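In: Please find the sequence and the predicted model below.
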Amino acid sequence: GLLLCLFGVTLYLYFNPKYNKGRQDSHTSVMMGISAIMFFIATLHIAINFYRLLQGYVDIRITQGSGLAAYLSNLKAWYYILKDLLFGTQQTLGSAAA
């Protein structure tokens, strides 16, 4: 929720002519592009973690009983690799923009 609010305010300030006064230089445009990509990555990261939460604590717990520890320790699953890849990409983009 907080990321959505911050990103919404950023977009409002960027596109509102009252605040930017027609000045959208290349640096500002690049930062907005990076911010949009980072917001998209953060949203995917949260969605994948929510998927893992439902799989591990609802589906696996109901069907297998005690397979939760094995499920969470499986580091070769596609969702775990994608989650780590998104996290690393976001960290790299944030460091490059700073």
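Out: Cool, got the structure.
In: how about the helices in the protein?
Out: 2-15, 17-20, 26-54, 60-64, 68-72, 78-97 (DSSP state H).
In: Just give me the lowest mean pLDDT stretch among those helices.
Out: Set side by side, the helices of the chain differ in mean pLDDT, and helix 60-64 is lowest with a mean of 66.
In: Next, format the helices of the chain as a markdown table and append mean neighbour count.
Out: Bear in mind the C-beta positions are built from the backbone N, C-alpha and C, glycine included. Shown next, in a markdown table, are the helices of the chain (neighbours: other CB atoms under 10 Å):
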| stretch | mean neighbour count |
| --- | --- |
| helix 2-15 | 12 |
| helix 17-20 | 9 |
| helix 26-54 | 14 |
| helix 60-64 | 12 |
| helix 68-72 | 13 |
| helix 78-97 | 13 |
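In: Let's check: the centremost residue of the chain is which one?
Out: Centre of the chain computed as the mean C-alpha position; nearest residue by CA atoms, centre = their mean is Ala42, 0.8 Å away.
In: That residue against Leu3, yeah?
Out: Yes: taking contacts as CB atoms under 8 Å, Ala42 lies within contact range of Leu3: 5.7 Å.
In: Roughly how far does the closest residue to Tyr19 other than its chain neighbours sit from Ala69?
Out: Closest residue to Tyr19 apart from its sequence neighbours, by CB to CB, 6 or more residues apart in numbering: Leu13 at 4.9 Å. Taken as CB to CB, to the nearest Å, the spacing of Leu13 relative to Ala69 amounts to 46 Å.
In: before we move on, what about Thr10?
Out: As defined by CB to CB, Thr10 lies at a distance of 41 Å from Ala69.
In: With Asp59 instead?
Out: Here the distance between Asp59 and Ala69 works out to 15 Å (CB to CB).
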